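K.L.:
Below is the sequence, then the predicted model.
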Amino acid sequence: MTVSVNQTTNSSDHWAKLFSAQRLGSHKKAPAEDSARSSFHKDYDRLVFSHSFRQLNQKTQVHPLTNQLGIHTRLTHSLEVSCIGRSLGIMAAEKLHDKLGGGLPNGVAPADVGVIIQAACLAHDIGNPPFGHAGEYAI
């Protein structure tokens, strides 16, 4: 398969939009440079400090097919999943960089992709009904 220059440009534009540092609800000014935290880190932090995320501590996550005691909270589960997601996101971004000779927009590092995936994993149980997926089907 051959990729034309036009397709590559469109793909780059698409990536740049996905990795935008501009946040909805913020002023239209360019985001301030913050050497300590990127916009992606701030998104992750907003999730950690949100009331909805903290409510996951009141919901039980049960893994019935384990030999060990497979009971903990959805908060713990989400934190564990987010750690794995961060590592997978970094590895995937590094592979993209190696295979595509860049692959990510300027200013976006593999660690940023890791934080984006980490935030998505952290939020994956927010709003789920009681009893997990079985509860979804019952409802």
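P.N.:
Cool, got the structure.
K.L.:
and the biggest helix by length in the chain, which residues are buried?
P.N.:
The longest helix of the chain (DSSP state H) is helix 74-100. Buried positions in helix 74-100, judged by neighbour count with 16 or more other CB atoms under 10 Å: 74-75, 77-79, 81-82, 85-86, 89-90, 93-94, 96. All C-beta atoms are positioned from the backbone trio N, CA, C, and that covers glycine.
K.L.:
Lowest-confidence member of these, which is it?
P.N.:
Lowest pLDDT within the buried residues of helix 74-100 is found at Leu96 (83).
K.L.:
burial count for Ser38?
P.N.:
20 (other CB atoms under 10 Å).
K.L.:
Kindly apply the preceding question to Lys59 instead.
P.N.:
16.
K.L.:
nearest residue to it other than its sequence neighbours?
P.N.:
Arg74 (4.3 Å; CB to CB, 6 or more residues apart in numbering).
K.L.:
my hunch is that His72 is in a helix, does that hold up?
P.N.:
No: assigned with DSSP: H, G, I helix; E, B strand; the rest coil, His72 falls outside any helix and is strand.
K.L.:
Report the contact partners of it.
P.N.:
Thr60, Gln61 (CB atoms under 8 Å, 6 or more residues apart in numbering).
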